[in-house]
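A.B. asks: turn this into a structure:
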Amino acid sequence: MAHLRLAKTGYLHPSGSRTDSPGIRRNVIHRADHTEERSYGSAQTGGFNAADFARRVDAAAGDVTAAVHQWLVETGRIRADAHIIHLEVRTWRPR
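C.D. replies: Numbers count the residues shown, from 1 in each chain. Now for the predicted structure:
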């Protein structure tokens, strides 16, 4: 799962929109500085394909933020000129 923060104006869909992030709409945090934190790729929505994610990071010369940014642009979630302020990638193995 990727948890990220950027200016509200960088997102293309309103917070909580099913189009933006189906299944994990509850994970939107509004900040006083006009940024929002949102989560993408949860297990509830199928997660990220690990092989695809690895290819994306390789194509971005190892830059995980650039790879996530490109995915968000390609999937119509953020503006191409949006700046990711914070990114946290979480992963785990099911028991």
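A.B. asks: quick check: beta-bridge partners of the residue nearest the centre of the chain?
C.D. replies: The chain has Y40 as the residue nearest its centroid, 4.5 Å off, counting by Cα atoms, centre = their mean. Listed beta-bridge partners, Y40: A2 (assigned using DSSP bridges).
A.B. asks: so, low pLDDT: which residues of this protein?
C.D. replies: 21-27, 42-47, 91-95 (pLDDT under 70).
A.B. asks: let me see the ranges of the strands in it.
C.D. replies: 2-7, 29-30, 35-40, 86-89 (DSSP state E).
A.B. asks: how far does the first one sit from the chain's center?
C.D. replies: Here strand 2-7 shows a centroid-to-chain-centroid distance of 6 Å under the convention Cα atoms, centre = their mean, to the nearest Å.
A.B. asks: taking strand 35-40 as reference, get the angle to that strand.
C.D. replies: Strand 2-7 and strand 35-40 are oriented at 150 degrees to each other (axes from the mean of the first three to the mean of the last three Cα atoms, to 10 degrees).
A.B. asks: against which helices or strands is strand 2-7 packed?
C.D. replies: strand 35-40, helix 64-74, strand 86-89 (3 or more Cβ pairs under 8 Å, 6 or more residues apart in numbering; DSSP states H and E). In this view, the C-beta of every residue, glycine as well, is placed from N, C-alpha and C.
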